Each structure stands twice: as structure tokens, then as C-alpha cells.
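[1] Give the three-dimensional model of this entry:
(chains A, B, C and D)
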There are 2 protein chains.
Amino acid sequence: MQSLRATRRPAATRTRERILDASLAMFNAFGEPNVSTNHIADETGISPGNLYYHFRSKDDIVEQLFASYEARIDEALLLPTTRAPNLEDLWLQLHLLFEAIGSYRFLHRDLVDILTRNRRVRIRFARILDRASISATSLLRALVETGVLHAREEDLPPLVENAIALVTFWVGYDTVRSGHFNGHANDPLLGMRRVIALLAPFLDATARAHFERLAAAYGA
Amino acid sequence: MQSLRATRRPAATRTRERILDASLAMFNAFGEPNVSTNHIADETGISPGNLYYHFRSKDDIVEQLFASYEARIDEALLLPTTRAPNLEDLWLQLHLLFEAIGSYRFLHRDLVDILTRNRRVRIRFARILDRASISATSLLRALVETGVLHAREEDLPPLVENAIALVTFWVGYDTVRSGHFNGHANDPLLGMRRVIALLAPFLDATARAHFERLAAAYGA
DNA sequence: GTCTATATAGGGATAGAC
DNA sequence: GTCTATCCCTATATAGAC
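    Got it, this is the predicted structure:
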């Protein structure tokens, strides 16, 4: 049934989603401030007027994309509920996070500017950071309790905050540092490695080797 | 002589600098993308036409401001040449860096967008990051050699890269995390503490206490 | 050096025919 | 739902008088 609904959609829905797809692709490629509604309409193959039939404003498009982004992030932040999380869970969470951010990298590329201009997105993004902070803290605390991470409770807040700062602005840093301003998605692996590097001093040799194996297996 | 020249400047020079001052203030307050040349002329108390007598384009203004920024950063990156650098030197370097970035925070707020649109600034900023990387590596290496920092040579590159990423995007992170989008300069101390937190695991208790004293004395 | 007036371009967004 | 035509506004930048 669901698949039938998915293949036989009304034209309106299809156009709406084509607009969103084109917007996301162009925002990611050129940066949201550098993409006009005319560009989007052009790329979608529709008229500018039609675009405004489906969306109230450019901001409306941004907000719809943000909603999908938020859902992806929240999925990535889920932790196992029936057992204590381990290093693989941390690796997976980082992987899903960098993947989600990569798909919506336009948001992180011009994060401050976008949040300055859009109050609703600003509030919701702040809540995402709160949830990320809670999730990361509980994950690290669990690793401490199972003896994997050798950190004191007072080490955790700065560690979590640095990790979140790094994840949030990795897109920007990687773009600037690599000199690749073409909008292509970058490899999440380096970002993941950098977050792990924050934790490395608190891991013993076994755990560090564990991460090395995960990183090596990552490409395959 | 110098003071005479400074007080009796030709009107052209004074206007030019008033434009630069107003631009910097408004860029920092509202973000460079949100400040037009008309706004700048208004704030300077001159006509838009006059602004274009003194500067070829808005980009020209950005580039002039960038030149001052670059000079400030390079000053901050200087290390003592006659002796091995110590923890105070690291603290001072971080202080000067965060101060310089705070004065030109508009650049870091919209870094990716500005660098995407301006090729010359992009190239020069990449070189600044290179110099920062070299400076930070040699500083940390000296601390290792004098027994202050207990890290292996292979720990340094990720440490340096994470530190640079953190310093570069601290303005953005702090803005987003604190929810203060009003453009005010933020306290450098928290950013400095976060960079120190990267190093903390490699410092012994004595060195960590040393930093705590420096941080406590900072406000005074 | 500074102004007023204006050229030119492009942005977001709407009206009304089909 | 979709188009064409257009409005309105603001942006960068220039011309020419003073």
C-alpha cells in the first residue's frame, strides 16, 4: 500500500519534492545565500510562479529541509536502550551524524547566518545541540562506567562541548582547510578521526587499536 | 612627528579610515552579508557615491580589513626566539589570537561564504592557517622537549589540527551555543579554556594548576 | 572630496490567465 | 498546478555637478 502511494503520487506532491531536492542540491553546491528562488525554479524545470504556489517563501523551503535534517540527526543520536553502549555504538553514532550533516551541509556551511535570519530554525537548532549534548554525555559516561574510557566526571563537559563544536563546524573547517570550495561532500572519515582524537588520551591501547580497526574497515 | 602626522591627516585619509571603522563595526554587529554599502555610507555619515570614491567595491573594503586582520594574526603567532617557549607563551598566544579574531569576528562568522566569494582572501587565509599550523606545532614540540607536555610526536598533528579548527570556528560555535546573535564580542576566556582542554590530558597536575592560575588571573 | 541622481542588475514575491 | 508577466525593493556601482 505504502509503495503504491509512493509510486502513484499526485503531481503536486511530486513537484513539491522535486523543488526540495533541487533546493538541497543547489544549497549544498553553492551555499544557501548564493542560490535564488529563480535558480531553484530553473533547476527544477518549473516557473518561479509555480515555486511560490508550493512554498510561501525561500525561508519556507529552508525550514522544510531543516525538518528533514532534524529527523536525521535525532535518528543518529539514538542510543541502545537494552544494553550499555560500547565503542562500536560511538563509532556508529559519529558515522550517522557526519553522514546526516554531509547531506545537509548547506546548513552548517552558513550556520550563523542562517540561524540569525530565521528565528524558528534558530530555536530548533539550539534544542538539537542540547539533545546532542545530553546524548554524548550519557554515551561517554557509560563508557567510563564500563571501564573503556578513563576519564573523571569533570573531564566530560569540556570533552563533550569540544566534540560538539568540532562536529558542528567540521564541514566549514574541512572546506576551508582543504581549499575545496566546490560544494562536494567531503569524506566523513577524517572528521570522525578528529573526534576520536579528542577521546584518544582517555583510551587505553586496546581501545585505540579497536578504533583503528573500525577506521580501516570503514572504507570496505 | 608620528603623532603630528596622526592628528593632522588629510581629509581623504580620515574619511577612508572612518569608512573602514564603520564597516568593521557593522560587519561584526550584523554579519558582512547583511550590511550593504548604503548602510556603511549612512553609518559613516557620507553619501554612497563618496564611499565609492574611496573604495572600488565592497569587496575592496573587505580586503582592506582582511589585511589588518592578517597583520594582527601574524603578530599573535610570533614566538620567543631567544629561549624555549613555555606555558605562559602558549597562554599569551591564545589570548592574542582570540582577541584578534574577536576584533574581526565578521570574517570568522561567515568564513566559508566570504572565502568562496573572494579568491584573494581565500588564498591568503589558507596561508594563515598554514603558518598557524607551523607555529602551533613548533610551540607544542618545544613544550614536549622541555618536559611540560607529555605527548608523542604522532599525537601532535591531530592535536594541532583540532586546536586550529576550534580557534577558527569558536566565534561561530559560541554564537550558536550561547544563543547570542546580537554581534557582541564574546569573552575569549571560554574559548581559551576549551583549547587548553584539548591539551589537558597531556599535562601533569602541576601544569594544569598553572593554567588554572593563569585563567583566574585573566580577569584581573 | 563630496554630493545628488541614476544606471543596472537581481532578489523575493504576487496577479491573473490558462 | 502551472505559466507569463510584472511589481517592488534593495543591492552594487557610476556619472557628472559642485
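[2] interface residues of chain A facing DNA strand D?
    Taking Cβ under 7 Å from any atom of the strand as the criterion, chain A approaches DNA strand D at residues A:10-13, A:15, A:45-50, A:53-54. Yep, even glycine has a C-beta here, placed from its N, CA and C like the rest.
[3] Domains in chain A, by residue range?
    According to the domain assignment given by automatic domain parsing, chain A is divided into the following structural domains: A:1-55, A:58-218.
[4] lowest-confidence stretch among the ones you listed?
    For the domains of chain A, the stretch scoring lowest in mean pLDDT is domain A:1-55; its value is a mean of 89.
[5] Centre of the chain to the top helix by length along chain A, how far?
    Using DSSP state H to define each element, chain A has its longest helix at helix A:119-145. Centroid separation between helix A:119-145 and its chain, computed with Cα atoms, centre = their mean, to the nearest Å, is 13 Å.
[6] do that helix and DNA strand C meet at all?
    No - with Cβ under 7 Å from any atom of the strand as the threshold, helix A:119-145 lies outside contact range of DNA strand C, at a closest distance of 14.1 Å.
[7] which strands and helices sit next to that helix?
    Contact partners of helix A:119-145 among helices and strands, from 3 or more Cβ pairs under 8 Å, 6 or more residues apart in numbering or on different chains; DSSP states H and E: helix A:58-76, helix A:87-103, helix A:111-117, helix A:156-178, helix B:156-178.
[8] any idea how far residue A:56 is from chain B?
    For residue A:56, the distance to chain B equals 22 Å [Cβ to the nearest Cβ, to the nearest Å].
[9] Next, that residue: phi, psi?
    The phi and psi values for residue A:56, taken as degrees, to the nearest 10, are phi -60, psi -40.
[10] Tally up the residues packed near it, please.
    Other residues near residue A:56 come to 10 when the count uses other Cβ atoms under 10 Å in any protein chain shown.
[11] I figured residue A:27 was touching residue A:35, is that so?
    Yes - under the criterion of Cβ atoms under 8 Å, residue A:27 lies in contact with residue A:35, with a separation of 5.7 Å.
[12] on that earlier part again, quick one: the domains of chain A as TSV, columns for mean neighbour count too.
    Compiled in TSV, these are given as follows (neighbours: other Cβ atoms under 10 Å in any protein chain shown):
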stretch	mean neighbour count
domain A:1-55	15
domain A:58-218	17
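[13] quick one: contacts of the helix or strand residue A:21 falls within?
    Per DSSP states H and E, residue A:21 falls inside helix A:11-30. Outside of helix A:11-30, the residues that reach it under the criterion Cβ atoms under 8 Å, 6 or more residues apart in numbering or on different chains are A:35, A:39-41, A:43-46, A:50-51, A:54-55, A:61-62, A:64-65, A:103-106, A:182-183, A:185.
[14] Can you give the distance from it to the centre of its chain?
    On Cα atoms, centre = their mean, the centre of helix A:11-30 falls 18 Å from that of its chain.
[15] Using the three-state scheme, assign residue A:147.
    Classification of residue A:147 by DSSP: H, G, I helix; E, B strand; the rest coil places it in coil.
[16] Report the central residue of chain A.
    Centrality entry for chain A: nearest residue to the mean C-alpha point is residue A:101, 2.2 Å, by Cα atoms, centre = their mean.
[17] Nearest residue to that residue in space, ignoring adjacent ones along the chain?
    Leaving out its chain neighbours, the residue that sits closest to residue A:101 by Cβ to Cβ, 6 or more residues apart in numbering or on different chains is residue A:108, at 5.7 Å.
[18] And the residue in chain A that DNA strand D sits nearest to, how close does it get to residue A:18?
    When distances are taken as Cβ to the nearest atom of the strand, chain A reaches nearest to DNA strand D at residue A:12, 1.7 Å away. Distance, residue A:12 to residue A:18, using Cβ to Cβ, to the nearest Å: 11 Å.
[19] Also residue A:103?
    With distances defined as Cβ to Cβ, the gap from residue A:103 to residue A:18 amounts to 17 Å.
[20] Residues contacting the helix or strand encompassing residue A:209, please?
    When elements are defined using DSSP H and E, residue A:209 is found to belong to helix A:205-218. Residues lying outside helix A:205-218 but in contact with it, judged by Cβ under 8 Å, 6+ apart, are A:87-88, A:91, A:95, A:148-149, A:189, A:192-193, A:196, A:200, A:203.
[21] Reformat these as CSV; add distance to DNA strand C.
    As requested, these are arranged in CSV below (distance: Cβ to the nearest atom of the strand, whole Å):
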residue, distance to DNA strand C
A:87, 44
A:88, 43
A:91, 39
A:95, 34
A:148, 48
A:149, 46
A:189, 34
A:192, 34
A:193, 37
A:196, 39
A:200, 44
A:203, 47
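[22] Closest to residue A:76 out of the residues you listed?
    Within the contacts of helix A:205-218, proximity to residue A:76 (Cβ to Cβ) peaks at residue A:95, which comes in at 8.3 Å.
[23] show me what contacts that closest one?
    A:188, A:192, A:218.
[24] The first one contacts residue A:98, correct?
    Yes - here residue A:188 reaches residue A:98: they are 3.5 Å apart, a contact under Cβ under 8 Å.
[25] How about residue A:149: what's its closest non-neighbour residue?
    For residue A:149, ignoring the flanking residues on the chain, the nearest one in space by Cβ to Cβ, 6+ apart is residue A:143 at 3.9 Å.
[26] Roughly how far does the one you found sit from residue A:205?
    The gap separating residue A:143 from residue A:205 is 16 Å, by Cβ to Cβ.
[27] Over to residue A:150?
    12 Å.
[28] between the two, what contacts are shared?
    Shared between the contact lists of residue A:150 and residue A:205 (criterion: Cβ under 8 Å, 6+ apart) there are no residues.
[29] okay, the contacts of helix A:205-218 in TSV with distance to residue A:71 next?
    Shown next, in TSV, are the contacts of helix A:205-218 (distance: Cβ to Cβ, whole Å):
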residue	distance to residue A:71
A:87	26
A:88	23
A:91	22
A:95	17
A:148	30
A:149	29
A:189	24
A:192	21
A:193	27
A:196	26
A:200	32
A:203	32
